[in-house]
Structure formats: structure tokens, C-alpha cells
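[1] Build the 3D model from these lines:
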Amino acid sequence: MTSAETLAIAGGGGARLLALTGDRASVESDTSTPPGSTIALLVGPDEQRYALKVSACRLSGERYRIDGRLVNVSRDQRARLERLLAI
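    The predicted model follows:
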């Protein structure tokens, strides 16, 4: 993974990974999404998809903090997200 690694939300909107603990993740985004929905996070230039089941979405300043549970994520995919946090 390089510093060019990006995170976006399918359907539009940029995102930044804030926290990752077990299967729980927090993302900051410029778009909101309702609790109970599932969003697709697109990671990197290859746009690998990660499903996030939304448990909460709150306005924080001018952006939204989205908390949720990662769905069907392999160990390799989780490791990729952990490296994204380190950038």
C-alpha cells in the first residue's frame, strides 16, 4: 500500500478511515447515510469493495462520522485497512 491509497464511498463521496477495532470501523465522509444501511467503501486505485453496515451517522463539523460493522472482510482485507490507518 502506498501513500496514494484512497478511500471513497460507492455512489459518490470521499472518505477517511478514522478507527478500526475488530470488525468495527469509523469513517469520516462528506456524505451522510442512514443507520441500518450498508455502504460500499472503495479502497485504493483498484477500488476493492468493503461492505460497512452503518450503526450511526453523526454530523461532526462539516463532515459526517459514520460508525459501523465490516461485513465479510478477510484477514488480508482487514490488514489493508490497518495499513491505511497508519498513513
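[2] Enumerate every residue touching the residue nearest to residue 13 when sequence neighbours are not counted.
    Once flanking residues are discounted, residue 13 sits nearest to residue 31: 3.6 Å by Cβ to Cβ, 6 or more residues apart in numbering. Quick note: C-beta positions are derived from backbone N, CA and C, even for glycine. Listed by Cβ atoms under 8 Å, 6 or more residues apart in numbering, the contact partners of residue 31 are 9, 12, 13, 64.
[3] For residue 63, see how far away the second one is.
    Going back to what we said before, that points to residue 12. 14 Å (Cβ to Cβ, to the nearest Å).
[4] Give me the buried stretch members for the longest strand along the chain, please.
    The longest strand of the chain (DSSP state E) is strand 48-60. Using 16 or more other Cβ atoms under 10 Å as the test for burial, strand 48-60 gives 50, 52, 54, 57.
[5] those helices in the chain, which residues are they?
    For the chain, applying DSSP state H gives helices covering 75-86.
[6] neighbour count winner among residue 12 and residue 63?
    Neighbour count, other Cβ atoms under 10 Å: between residue 12 and residue 63, residue 63 has more, with 17 against 8.
[7] Does that one touch residue 29 like I think?
    Yes: if you go by Cβ atoms under 8 Å, residue 63 and residue 29 touch, sitting 6.3 Å apart.
[8] what residues are up against residue 47?
    Taking Cβ under 8 Å, 6+ apart, we find residue 47 in contact with residue 8.
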